[in-house]
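[1] From the sequence below, what's the structure:
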Amino acid sequence: MKTDLLLIPMSARYRDMRAAALAAEESGFDGLWTWDHLRDPDGSAEPGVPEAWTVLTALAEVTRKIALGPLVLNVANRHPGVLANMAATLQAVSGGRLLLGIGAGGSRRTPYAAEQQAIGQTVERDETRARRVTEAIELMRRLWSGHAGFLKPEPPPPIIVGGFGPRMAAIAGRHGDGFNTQAMHPRLADLVRVARDARTAAGREASGFIVTVFAGLDERWLRPDSRGRQALASAGVERLILLTEPPFDPDEIRGAGRLLAASR
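    Numbering: from 1, shown residues only. Modelled structure (predicted):
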């Protein structure tokens, strides 16, 4: 199982994210992620929230081998045709290290709806937002195939669909290349099964589907003999993404990397 690090962007400064990214790569983490949000959910974060794609592009230039991804892009924030070209460009900048996480965005019931409303975006019903994820995947794949001279990524990045219920798990299986949810989700094994069954029903190969989960950075997740990590492996998880908060401590990240390396 690969182990990645997610840099929480709320109140973060880019210079600290850069230092954390270098420490993560140096210490042996497999991937690096950040959230796609425009403001703190309670509106109080200072100095604000760095934009995910800009940060990832900058980090692609200062790192060399670590995978990079957004967890996950709200498809309402960027037109999927523009996102297709953004992803193809980042594949070129990073040398093919992008893991493209996308999702439906926060519902009206979540605090993240406020950031959409603040920029004039209507927060649609769950069904509509889920359908737009499917439509975004279909359009991006069509453009990546060389349609009308659009930039073609080499290779096309895996599309990992984030969600917390069976609807998004099924979309991930039918249309995506992976599924992301919480490591401690009480129905994790069921959601993975829904995704894989949907993939099989759609006539898609079972191999190559990436299951990723996220949890807080904690020593127990770094030890392969821990009960939690073994449970994830049994559920078919292939990447564990550990969250760390700003201002980030490069020494703590290096220490976690050393613990991870010692257990491999």
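[2] Am I right that Gly255 is in a helix?
    Yes - using DSSP: H, G, I helix; E, B strand; the rest coil, the assignment for Gly255 is a helix.
[3] What score does it have for pLDDT?
    Note for Gly255: predicted pLDDT of 95.
[4] how many other residues sit next to it?
    Neighbours of Gly255 under the rule other CB atoms under 10 Å: 15. The C-beta positions use only the backbone N, C-alpha and C, and glycine is treated the same way.
[5] Met184 now?
    When neighbours are counted by other CB under 10 Å, Met184 registers 13.
[6] if I pick the nearest residue to Ala202 once chain neighbours are set aside, what's in contact with it?
    Nearest-residue entry for Ala202: Arg174, 4.6 Å, with adjacent residues in sequence omitted and distances by CB to CB, 6 or more residues apart in numbering. By CB atoms under 8 Å, 6 or more residues apart in numbering, the contact list for Arg174 reads 134, 198-199, 201-202, 204.
[7] For PyMOL, write a command that selects the buried ones of the residues you listed.
    In PyMOL, a selection of the buried entries from the contacts of Arg174 looks like this (16 or more other CB atoms under 10 Å):
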select buried, resi 134+198+199+204
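[8] now, the most widely separated pair of the contacts of Arg174?
    Thr134 and Ala201 (14.9 Å; CB to CB).
[9] Helix or strand for Thr54, just tell me which one.
    Thr54 is part of helix 52-62, with elements assigned from DSSP states H and E.
[10] do Glu135 as well
    helix 126-144.
[11] following that helix, which helix or strand comes up?
    According to DSSP H and E, the helix or strand after helix 126-144 is strand 159-162.
[12] Enumerate residues external to that next one that contact any of its residues.
    With CB under 8 Å, 6+ apart as the test, strand 159-162 has contacts from 69, 71-72, 99-103, 133, 137, 140, 168, 171-172, 175-181, 210, 212.
[13] do stretch 49-66 as well
    Contacts of stretch 49-66 from elsewhere in the structure, counted by CB under 8 Å, 6+ apart, are 7, 9-14, 17-18, 21-22, 24-25, 29-32, 34-40, 68-70, 73, 78, 86, 90, 93-94, 97-98.
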